[in-house]
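A.B. asks: structure for this input, please:
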Amino acid sequence: MTLDWLVYVLGVVAVIFLVVMFFKYKKHNRYADKFEDTYLDAK
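C.D. replies: Numbering: from 1, shown residues only. Coordinates of the predicted model:
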C-alpha cells in the first residue's frame, strides 16, 4: 500500500516537472509559434 502511494506521488511529481520544463523551454523555443499555429486549442 505504501509502495503504491510512493510510486503514485513520484509519478505526479515527474509529470509536473516535465510540464514545468516544457513551458520553460517553450519560451526559448523558436518553433513555439509554429506549434501554436498548428494546434490552435493548445494554451
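
A.B. asks: now do the helices in this structure.
C.D. replies: 2-27, 32-38 (DSSP state H).

A.B. asks: got a markdown table for those, with mean pLDDT and mean neighbour count too?
C.D. replies: In short, each C-beta sits where N, CA and C put it, glycine included. Below are the helices of the chain laid out as a markdown table (pLDDT from 0 to 100; neighbours: other CB atoms under 10 Å):
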| stretch | mean pLDDT | mean neighbour count |
| --- | --- | --- |
| helix 2-27 | 89 | 10 |
| helix 32-38 | 59 | 11 |
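
A.B. asks: and residue 14, how far is that from residue 24?
C.D. replies: 16 Å (CB to CB, to the nearest Å).

A.B. asks: one more: residue 5?
C.D. replies: 29 Å.

A.B. asks: ditto for residue 17
C.D. replies: 11 Å.

A.B. asks: swap in residue 16?
C.D. replies: Counting by CB to CB - residue 16 and residue 24 are separated by 13 Å.

A.B. asks: got it, and residue 8?
C.D. replies: To residue 24, residue 8 is 25 Å away according to CB to CB.

A.B. asks: ok, residue 13 next?
C.D. replies: Distance from residue 13 to residue 24, by CB to CB: 16 Å.

A.B. asks: what do you get for residue 9?
C.D. replies: On the measure of CB to CB, residue 9 and residue 24 end up 22 Å apart.

A.B. asks: swap in residue 2?
C.D. replies: From residue 2 to residue 24 the distance is 33 Å (CB to CB).

A.B. asks: try residue 3
C.D. replies: 32 Å.

A.B. asks: repeat for residue 18
C.D. replies: Residue 18 is 11 Å from residue 24, by CB to CB.

A.B. asks: check residue 15 too.
C.D. replies: Taken as CB to CB, the span from residue 15 to residue 24 is 15 Å.
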